Structure formats: C-alpha cells, structure tokens
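Peer 1: need a 3D model of the sequence below.
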Amino acid sequence: MTEHVRESAPATAARAPGQVRVACVILLVEVAALVAAMVVLLVETFAGNPDSIGRALSDAGLAAAGAVLLLLGVRGLARLRPAARTPVIVMQLLALPVAYSLAFQAHRVAYGGPILIAALAVIYLLFTPPARTVLDRDISR
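Peer 2: Prediction:
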C-alpha cells in the first residue's frame, strides 16, 4: 500500500496548476526567511546582550513554529489537499498587519514590503480559478 501512495504522489504534484506551484515556492521562501530570522535571533541572544533572554527565545520559537506550520501547508498544497489552503490563508492574513506595521509605521519597508507582497500574492494565487478547481471541497454529497 505504501508503494501505491509513493507512486501516486508525484502524479498528484504534476497535476497541480501553476498557481498552486508558484504559491508553494513563495511559501518556501517565507519558510526560509523565518528560519533565517530564528537563527539570527538565537545568535544575537547567545552572542549578544539581550534585554530579555526569555523574550528573545520565545521570538525564536515563534519563528520556528511559523516555519513548521507553513512547511506543513506547503506539503498539503503540493498534495492538493483542500484542508491545507485554509491554514495557509490564515497565516497570510496574519502576516498582513505585521507587514503593514513594519513597512509603514516602523518605516522598515525593506522588511515589511516583501512580507506584504508575498502574503498578497499567495492569497491571490490560492483563489485563482485553477487553484480553486483543484482545492475546493466537493460539498454536493
């Protein structure tokens, strides 16, 4: 049975529309950015002199948790699992106020701009007609 699953997985990924594949690539870039942020936070915590070690470690933990959640979302989207879209969309919606705050309130456009563009792009791509065709649940039953 596991060989059957292994054989059907690449076929499923090959049938994913381009919009879903591009969304997965953007999400993988977000995962890489979160892992990099986690590493920077950990290095600065142990090599520097943080105001609060607990807060710095919890920030690194949140970055790691976000990376893991997005990675699970990418895995689900690549396998065309309809249930994967909702958590990914929620994560992107949560990124919007963070991006806005960084870009416009903190005047850190170099940080907030890419987050904002990536979040909006993923939301758009996952609601395009080809993506909806393969990711919408069949509720006619």
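Peer 1: please name the residues that touch Leu70.
Peer 2: Counting by C-beta atoms under 8 Å, 6 or more residues apart in numbering, Leu70 touches Leu27, Glu30, Val31, Leu34, Val88, Met91. Just so you know, the C-beta spots here come from the backbone N, C-alpha and C atoms, and that holds for glycine as well.
Peer 1: closest to Leu77 out of those residues?
Peer 2: Nearest to Leu77, judged by C-beta to C-beta, of the contacts of Leu70 is Val88 at 6.6 Å.
Peer 1: returning to that earlier point: out of the contacts of Leu70, name the ones that lie in strands.
Peer 2: Using DSSP state E, no member of the contacts of Leu70 sits in strands.
Peer 1: in a markdown table, list those residues along with pLDDT and neighbour count.
Peer 2: A markdown table is the format used below for the contacts of Leu70 (pLDDT from 0 to 100; neighbours: other C-beta atoms under 10 Å):
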| residue | pLDDT | neighbour count |
| --- | --- | --- |
| Leu27 | 97 | 23 |
| Glu30 | 96 | 25 |
| Val31 | 97 | 18 |
| Leu34 | 95 | 20 |
| Val88 | 96 | 23 |
| Met91 | 96 | 17 |
